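# Next input, structure requested:
(one chain, ligands or ions: 2)
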Amino acid sequence: MPMPEDVVTHPDYPIPGMYKAWVLGDPGQLTYEEKPMMVPGPAEVLVHIDAISICATDFEIIDHGPPALIEGGLPFNKGFTPGHEYMGTVMALGPGVDEFAVGDRVTVEIHAGCGRCKRCREGMYTACVNYGMNYGNADKGHRANGFSTDGGYGEYAVNHVNTLIRIDDSMSDEEATLVVTAGTAMYGLTELGGLVAGESVVVTGPGPIGLLGVAVAKALGAQPVILTGTRDNRLDIGKRLGADHVVNVRERDPVEAVREITGGKGVDYVLECSGAANALNEAAYMVNRGGRICLAAFPSEKVPVDVAHLVRNNIYVYSIRGEGKSGTHRAEAFMRQKRFDATLIHTHTFPMAELPEALRHARERIGDAIKVVVRNPPIAARRADAA
Ligand SMILES: [Zn+2]
Ligand SMILES: [Zn+2]
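Numbering: from 1, shown residues only. Ligands and ions are numbered 1, 2, ... in the order given. Down below sits the predicted model:
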């Protein structure tokens, strides 16, 4: 299918009429199907997905639905394609787009937001008041690919220009899929204070966001950076990403360990990435008076909180949802400067056709899987085939 006249394409980047994508049926059910090619609208571009990283949130969406919201409800049996941590090549420009050119390599933020609500105007587009309002009469233009609009488990996606970040050739496709994870950590550290040079930081939980949280905190000049967790192999990666100290909470009480490392004072900031039930209370006992905690993960059940300790010690508690305030752009700048090697958390790669196997590796942490990347054949190879 040819693109409409006001969409810019390039003969070197031919666009097929149909493309393949994984489609969510009933809970847990994904099928690889043909879909008609999408057309980018104003301020949008068509992206060929070159690589995408699996995120734990994908399992929530595929198994249970939320936080995905399609046509005002659960995402099942609506032709929806999940997946949100991807990178690729710009293939077509919607009307009026001059920020990008066909052939640009880009990585993505997830949330475009509606751009018209109070929170979007403040840069908090991941907390858009019109989340999911992008259908029928309720269309406020909100887009969060892989959550409220089609995502990246397929060959193509449409992105708002605000969600794209150009990357240079020194960054591999796999590394580029990790920019948004680093961007989420950057957003958390932004809320804690932004310039954390010389301030002490604890990161709790060595998942992907926690590990890159260590890297970003160190790149921002934090000193010391302490990482707590249960898995030695992940704590070791944390050291290579910049942690000055690691604490295995199976061996040591993390509050005691942090107090000891800081000469009894506690730290200035805690970035909580574990989602453990006691994590907020432990964070409160790790920070000093007037210290700050940012929650980037949460337990599935409701938990009791030591509010008196928080208030008596003037402790600030923040939370973040996703990658707001252009944190992803700033994270990409660190990665472009090689301030840390995000690829240390990339453990496995699968072709797109084998997505279910890739998901199984990520879900069951087979082979100590941390970040599992799924790939399409590179666009350059496709161009060679077509020639
Ligand atoms: Zn994610
Ligand atoms: Zn909004």
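# When you work out contacts or count neighbours from here on, use the C-alpha atoms and nothing else.
Will do.
# confidence score at G194?
Per-residue pLDDT puts G194 at 81.
# so it is in which element?
Counting by DSSP states H and E, no helix or strand carries G194.
# From ligand 2, how far off is T177?
From T177 across to ligand 2, the span is 25 Å (CA to the ion, to the nearest Å).
# The closest residue to ligand 2 within the stretch 151-300 of the chain: what secondary structure?
Relative to ligand 2, the nearest point of the stretch 151-300 of the chain is N162 (13.0 Å; CA to the ion). Following DSSP: H, G, I helix; E, B strand; the rest coil, the label given to N162 is helix.
# That one contacts A112, correct?
Yes: the pair N162 / A112 is scored as a contact, 6.3 Å apart, by CA atoms under 8 Å.
# And the two? Which one has more around it.
The residue with more neighbours, out of N162 and A112, is A112; 23 against 17, by other CA atoms under 10 Å.
# Ignoring the adjacent residues along the chain, who's closest to that one?
Of all residues not flanking A112 in the chain, R143 sits nearest, at 5.2 Å (CA to CA, 6 or more residues apart in numbering).
# isn't V374 right next to H346, touching?
No: in this structure, V374 is not within contact of H346 by CA under 8 Å, at 11.0 Å.
# Looking only at neighbour counts, state which of those two leads.
V374 (27 against 18).
# buried sites along stretch 86-103?
For stretch 86-103, the neighbour count (16 or more other CA atoms under 10 Å) marks 86-95, 97, 100-103 as buried.
# now do the same end-to-end measure for that stretch.
16 Å (CA to CA, to the nearest Å).
# what does that stretch contact?
Contact with stretch 86-103 is made by 6-10, 13-15, 39-53, 104-108, 152, 161, 173, 176-177, 379, as judged by CA atoms under 8 Å, 6 or more residues apart in numbering.
# Likewise for stretch 322-339?
Contacts with stretch 322-339, where a contact means CA under 8 Å, 6+ apart, come from 109-111, 123-126, 165, 167-168, 170-171, 179-187, 190, 216, 219, 340-342.
# ok, of these, which come out buried?
109-111, 124-126, 165, 167, 171, 179-187, 190, 216, 219, 340, 342.
# Restricted to strands, list those.
Members of these lying in strands (criterion: DSSP state E): I165.
# Return the subset of the buried ones among the contacts of stretch 322-339 lying in helices.
With helices taken from DSSP state H, the overlap with the buried ones among the contacts of stretch 322-339 comprises 179-187, 190, 216, 219.
# Out of those residues, the closest to L280 would be?
A185 (17.3 Å; CA to CA).
# Enumerate every residue touching that closest one.
By CA under 8 Å, 6+ apart, A185 lies in contact with 209-210, 212-213, 216, 323, 327.
# and R259, what helix or strand is that in?
helix 254-261.
# In that helix, which residues are buried?
254-255, 257-259.
# contacts for stretch 225-233?
200-206, 214, 217-218, 235, 238, 242-250, 254, 258, 274.
# Show me which of those are buried.
Among those, the ones that count as buried by 16+ other CA under 10 Å are 200-206, 214, 217-218, 235, 238, 242-249, 254, 258, 274.
# Could you tell me which of those residues are located in strands?
201-204, 245-248.
# And the helices in the protein?
Counting by DSSP H, the chain has helices at residues 56-63, 118-121, 173-176, 179-192, 208-219, 232-240, 254-261, 279-286, 307-312, 327-336, 355-364, 379-386.
# Is M3 in contact with M38, as I believe?
No: M3 lies out of contact with M38 (CA under 8 Å); the separation is 9.1 Å.
# How about the residues of the stretch 1-150 of the chain by ligand 2?
For the stretch 1-150 of the chain, the contact set with ligand 2 under CA under 5 Å from the ion comprises 113-115, 117, 120, 128.
# which stretches of this protein have low pLDDT?
1, 380-387 (pLDDT under 70).
# Tell me how it divides into domains.
Here the domain assignment for the chain is 18-110+145-170+338-386, 181-319, based on automatic domain parsing.
# Which among the contacts of stretch 86-103 count as buried?
The neighbour-count criterion (16+ other CA under 10 Å) marks 7-9, 13, 15, 39-41, 43-53, 104-108, 152, 161, 173, 176-177, 379 among the contacts of stretch 86-103 as buried.
# related to what we said a few turns ago, quick one: which of the residues of the stretch 1-150 of the chain next to ligand 2 is most hemmed in?
Of these, with other CA under 10 Å as the count, G113 tops at 30 neighbours.
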